[in-house]
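Novice: kindly generate the corresponding structure for this input.
(one chain, ligands or ions: 2)
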Amino acid sequence: MYLKKLEIHGFKSFADRTKIDFDHGITAIVGPNGSGKSNITEALRWALGEQSAKSLRGAKMPDVIFAGTEKRKAQNFAEVTAHFDNTGRYLDSDNKEVVVTRRLYRNGDSEFLINGKKKRLRDIHDMFLDTGLGRDSFSIISQGRIESVFSSKPEERRAIIEEAAGVLKFKTRKAETESK
Ligand code: ATP
Ligand code: MG
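Specialist: Residues are numbered from 1 along each chain as shown. Ligands and ions are numbered 1, 2, ... in the order given. Here you go, the predicted structure:
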């Protein structure tokens, strides 16, 4: 499983539909301060179900929608689509490509899609939990988050290791079953 392509439209500084193809090997994104490098990783985290506006450097979720500039008017919605190669069937889907889309309108309406079908946030979490790519996983480390790993409490560090080892899904399910 690997990220093949990211399409960003109306998300943060990406007013126009922008496609980013990721080839095999390492991709480095370079650019001046404020050019939108961090916004790219935030777009991916958002598509995978990030629910904290603060961790996306905003006060409320609609802050991720392109706010306009002197020359361009604001967008009415933000949309991010992530394409994952799934030929190895690592993700729980029979599709060779898993395509996840998140869309948010200014009026607060939002939706998630997997391969074009409407899904719940929970379905997105289920699909990516324990794959190393989930919302809380450590495969996406933003500026400032490295210290938080080193300074976190032992229980928090344990949770990081559990997510990496792939046992978090089962613990989450067990807790849900026990609470029923
Ligand atoms: P650095 O090298 O300093 O880390 P960067 O390349 O990571 O910079 P980002 O933090 O990704 O840059 O981008 C910040 C830019 O995104 C700012 O110019 C900010 O105005 C713009 N931005 C953030 N949210 C929005 C929004 N909703 N609408 C329009 N522009 C936005
Ligand atoms: Mg940055």
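
Novice: once you drop chain neighbours, what's closest to the residue nearest to the spatial centre of the chain?
Specialist: Residue closest to the mean C-alpha point of the chain, counted by CA atoms, centre = their mean, is R45 at 2.0 Å. In space, R45 comes closest to I140 once its chain neighbours are excluded; the distance is 5.6 Å by CB to CB, 6 or more residues apart in numbering. C-beta: built from backbone N, CA, C; applies to glycine.

Novice: got the contact list for the one you found?
Specialist: Going by CB atoms under 8 Å, 6 or more residues apart in numbering, I140 touches T41, L44, R45, L133.

Novice: run the last query once more with 10 Å
Specialist: Neighbour list for I140: T41, E42, L44, R45, L48, E50, G132, L133, G134 [criterion: CB atoms under 10 Å, 6 or more residues apart in numbering].

Novice: next one: phi and psi at it?
Specialist: Main-chain dihedrals, I140, degrees, to the nearest 10: phi -120, psi 110.

Novice: near ligand 2, which residues of this structure?
Specialist: Neighbours of ligand 2 within the chain, by CB under 5 Å from the ion: K37, S38.

Novice: how about the helices in this structure?
Specialist: 37-47, 121-128, 145-150, 154-165, 168-178 (DSSP state H).

Novice: buried residues, the first one. List them.
Specialist: The neighbour-count check on helix 37-47 (16 or more other CB atoms under 10 Å) flags K37, S38, N39, I40, E42, A43, L44, R45, W46, A47 as buried.

Novice: ok, the last one next?
Specialist: Neighbour-count burial for helix 168-178 flags L168, K169 (criterion: 16+ other CB under 10 Å).

Novice: got the angle between it and helix 154-165?
Specialist: Here helix 168-178 points in a direction 110 degrees away from that of helix 154-165 (axes from the mean of the first three to the mean of the last three CA atoms, to 10 degrees).

Novice: one more: the second one?
Specialist: Orientation check (the same axes, to 10 degrees): helix 121-128 against helix 154-165 gives 70 degrees.

Novice: now do helix 121-128: everything it contacts.
Specialist: Helix 121-128 has contacts (CB under 10 Å, 6+ apart) with 1, 47-49, 51, 82, 84, 91-93, 98, 100-102, 110-114, 117, 119-120, 133-137, 169, 172-173.

Novice: one more: the longest one?
Specialist: Contact with helix 154-165 is made by 129-132, 134, 136-139, 148-153, 167-171, as judged by CB under 10 Å, 6+ apart.
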